[in-house]
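> kindly return the folded structure for what I paste below:
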Amino acid sequence: MPKPKTPKPAVTPTTAPLVAFNPAAAQAWMEITTECARFAMDRVQQDFAAQRAMMACTSPADLMALQTDHCRDAIKSYTEHATRMVTSMTAAVDMVTGKGTSPFSRKYDDIPL
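Residues are numbered from 1 along each chain as shown. Alright, predicted model coming up:
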């Protein structure tokens, strides 16, 4: 007696990303989420340290200088993180898509001129 065939599930717009999922995408996702978590933990620690230092200030001038330094460092940190994220995401897309070329695409160098 032949085995009954199991029906193949239909691909819907909701399930399409899951169908297209591959190990390279999973690796890229893990690297990006790990970097984001590391950055968030570092920022929280730096923010708490700045808060403790601001609470210990004895003059408005010291507070202003400390707050200015903290804001400057935070902006620099967020800018560097954003740059790292763009670089990581670009590398991930290149890794997953193969630099945007399909293995079936023609290179058009075989056409005589």
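
> low-confidence regions, the protein specifically.
In the predicted model, the chain carries pLDDT under 70 at residues 1-24, 96, 98-113.

> hmm, try it at 80
For the chain, the stretches with pLDDT under 80 are 1-29, 92-113.

> which residues in it form helices?
Ranges of helices within the chain are 16-20, 23-55, 60-97, based on DSSP state H.

> pipe those into TSV and attach mean neighbour count per row.
Every residue, glycine included, has its C-beta placed from N, CA and C. Output for the helices of the chain, formatted as TSV (neighbours: other CB atoms under 10 Å):
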stretch	mean neighbour count
helix 16-20	9
helix 23-55	12
helix 60-97	12
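
> and Thr90, how far from Thr97?
Distance, Thr90 to Thr97, by CB to CB, to the nearest Å: 11 Å.

> er, Pro60 actually
Distance from Pro60 to Thr97, by CB to CB: 54 Å.

> repeat that for Glu31.
Glu31 is 16 Å from Thr97, where distance means CB to CB.

> Ala25 now?
Distance of Ala25 to Thr97, given as CB to CB: 10 Å.

> could you do Cys71 as well?
39 Å.

> next: Thr34.
Distance, Thr34 to Thr97, by CB to CB: 22 Å.

> one more: Val44?
Per CB to CB, Val44 is found 34 Å from Thr97.

> and Arg38, by the same measure?
26 Å.

> what of Gln67?
Counting by CB to CB, the gap from Gln67 to Thr97 is 44 Å.

> mind listing what His70 touches?
For His70, the contacting residues are 46, 50, 54, by CB atoms under 8 Å, 6 or more residues apart in numbering.

> closest one of those residues to Tyr78?
Set against Tyr78, the nearest of the contacts of His70 by CB to CB is Gln46 (11.2 Å).
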